[in-house]
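**Q** the following block contains a protein sequence and its predicted model.
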Amino acid sequence: MRRVVITGLGAITPIGNNVEEFWKGIQEGKCGIDKITAFDTTDYKVKLAAEVKQYNPEKYFDKREIKRLDKFSQYAMIAAREAWKDSGINKEIENMERVGVILGSGIGGIETIEREKQKCIEKGPDRVSPMYIPMGIINMATGNVTIDIGAKGESMAMVTACATGTHCIGESFRMIKHGYQDIILAGGTESSITPLSIAGFSNIKALSKAQDKERASIPFDKERNGFVMGEGAGIIVLEELEHARARGAKIYAEIVGYGATSDSYHITSPAPGGEGGARAMKIAMEEGKVKPEEITYINAHGTSTHLNDSYETQAIKTALGEENAKKVMVSSTKGHTGHLLGAAGGVEAIVCSKAIQEGFVPATINYKVPDEECDLDIVPNEGRRVEVKYAISNSLGFGGHNSSILLKKYER
C-alpha cells in the first residue's frame, strides 16, 4: 500500500482569509462570531453567525465570473488555489490525468436557490437565471475547481452533511493509497448564512440563540445550547509519498488511517453513547496500526450542542479506553470558526496538520462552566505547546454519518 502525505493547505474562514491568517487566529484564540450582516435578522431569534470577514470577490474573480459562481464555489476556488500554490506542484510538467478533486458541501448554492426562487415567484419563470442550476448544484464546487487548476483525474462531490469534508479527505486517502490517483485536492466548502438556512436550522432547534458572541459557540461547556453557523472552505492537497519526495515537496503530515461508519439510528441525533463515532475512530487507529495511548490530540466535532458533545465524549472514552481518554488532549475549534457544516472537516484537517507541524494544540475557547458529562482534557481557553505525533479529526453529520481521519507526524 502506498503512503499518503499532505503537501498543500488552503483556507478561507471567519478568522482569516488564508491559512496563515487562520492559523494565527487559532493560536491567538480569536473568535470569528459576530452579528449577522448578510441579511436583516429583525424577525429572527438567531442573531449571530461566523461570517467570512472583509470578503471582496473582485479580489479573486472578474465581474463575469462573480455573476456565474455562487459563493460556496467562490470559497472552494479560493482555498483550492491557495492549497495548489502552497503544494508547489507544476502542472506544466505534472501528469494532470493523475490529479483528482474530491470536494463537498452540506448545502451547496442555497444563496442562489433562495434568490432565484423569489425571482420566479415575483417576476415569473422566464426571469430565472439560466445559470441557476450550475450555480446551485453541489458538484459545481468540484467542477469549478477542476476546471480552474486543470485537473483531469477523478473528480466528484460528496454530501454527508457535517461529515462531508472529512469523508472527502478520507476517500481521497484511499484512492491514493490504492493507486488510483497520485494527487487529490480534498475538503469542503460552505456558504449558508442565508435567511432560509438560518430559519431552518433554528426551527429544528440546532442553532444557539445566545446574544453574547463569546457565549454562543461553547463546546463542552455545561451552558451550551446549540451551534453557530459558519462559512468558508478548507482544502488540502494529498499526495503519494514517493511522488512528493521525488519533487522535493514540503510535507505537513501523513494520513495513516480513515474510519467511516453509520449510526443507523436517527436523522439528527447521534446514536446513544456515540457508538458510531467510536467505531470510526477505532477503524482509523486500526488502519494506522496506532495504539490508543499514542494519540496526542483529537480535534473533536464538538458542535456546542448538548447531545453531540456529551455523546462524543463517550465515544472517545469507548474508542481509546477510559484511562487513555483522560490523558489525550481534546479540543473543538468551532468556538473560533462556528460550524462550517460541509467545510468543517476540511478546515479542521488543516488545524491538525498545523498542530503536528508546529507542535501546538489549539484551545477550546470561551469555556467557563464545566460539565460532568464532558470530563475530558478539552484544553480550556489556552492552547499548548507540545509535540503532536498523532492527531485524530472527527466529523459527524445529520443522517448518522461518522468520519475520522488519523494524521501522523511525518517520518522519513
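**A** Yep, that arrived. Computed from a predicted model, the values in this text were never measured in an experiment.
**Q** distance-wise, check residue 219 relative to residue 305.
**A** 9 Å (C-beta to C-beta, to the nearest Å). For every residue, glycine as well, the C-beta is placed using N, CA and C.
**Q** which one of these two has more residues nearby?
**A** Legend: neighbour count by other C-beta atoms under 10 Å for residue 219 and residue 305, higher for residue 219 (28 against 24).
**Q** pretty sure that one sits against residue 304.
**A** Yes. Using C-beta atoms under 8 Å, residue 219 is in contact with residue 304, at 4.7 Å.
**Q** need the residues touching each of the two.
**A** 332, 334, 335 (C-beta atoms under 8 Å, 6 or more residues apart in numbering).
**Q** quick check: residue 10 is in a strand.
**A** Yes. Applying DSSP: H, G, I helix; E, B strand; the rest coil, one finds residue 10 inside a strand.
**Q** for burial, what's the neighbour tally of it?
**A** Residues near residue 10, counting by other C-beta under 10 Å, number 28.
**Q** how much space separates it from residue 19?
**A** Following C-beta to C-beta, the distance that separates residue 10 from residue 19 is 6 Å.
**Q** anything in contact with each of those two?
**A** Residues touching both residue 10 and residue 19 (C-beta under 8 Å, 6+ apart): 82, 86.
**Q** buried stuff in the helix or strand where residue 141 lies?
**A** Here residue 141 sits within helix 139-149, counting by DSSP states H and E. Of the residues in helix 139-149, 139, 140, 141, 142, 143, 144, 145, 146, 148, 149 count as buried by neighbour count, 16 or more other C-beta atoms under 10 Å.
**Q** of all those, which comes closest to residue 235?
**A** Distance to residue 235 across those (C-beta to C-beta) is lowest for residue 145, with 7.9 Å.
**Q** surely that closest one is in contact with residue 77?
**A** Yes. Contact status for residue 145 versus residue 77: in contact at 5.7 Å, counting by C-beta under 8 Å.
**Q** tell me the domain ranges of the chain?
**A** The chain is divided into the following domains under automatic domain parsing: 4-246, 257-408.
**Q** got those domains as JSON lines, with mean pLDDT columns?
**A** As requested, those are arranged in JSON lines below (pLDDT from 0 to 100):
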{"stretch": "domain 4-246", "mean pLDDT": "98"}
{"stretch": "domain 257-408", "mean pLDDT": "97"}
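**Q** picking that back up, quick one: which of the buried residues of helix 139-149 is nearest residue 263?
**A** Closest approach between the buried residues of helix 139-149 and residue 263, by C-beta to C-beta: residue 139, at 25.6 Å.
**Q** I figured the closest one hits residue 156, correct?
**A** Yes. Assessed by C-beta under 8 Å, residue 139 is found in contact with residue 156 at 7.3 Å.
**Q** ok, now how distant is residue 46 from residue 35?
**A** 11 Å.
**Q** residue 39: what's it in contact with?
**A** Counting by C-beta under 8 Å, 6+ apart, residue 39 has contacts 194, 195.
**Q** mind telling me what element the most centrally placed residue in the chain is part of?
**A** Computing the C-alpha centroid of the chain and ranking residues by C-alpha atoms, centre = their mean puts residue 344 first, at 2.0 Å. Element membership for residue 344 (DSSP H and E) is helix 344-358.
**Q** going by neighbour count, which residues of that helix are buried?
**A** Residues 344-357 are the ones in helix 344-358 that count as buried (16+ other C-beta under 10 Å).
**Q** what are the pairing partners of the following helix or strand past it, and which direction each?
**A** Sequence order places strand 360-361 as the next helix or strand after helix 344-358, per DSSP H and E. Paired neighbours of strand 360-361 in the sheet (DSSP bridges): strand 384-385 (antiparallel).
**Q** please, where are all the helices along the stretch 251-400 of the chain?
**A** 275-288, 306-320, 322-327, 334-337, 344-358 (DSSP state H, counting those that start in this stretch).
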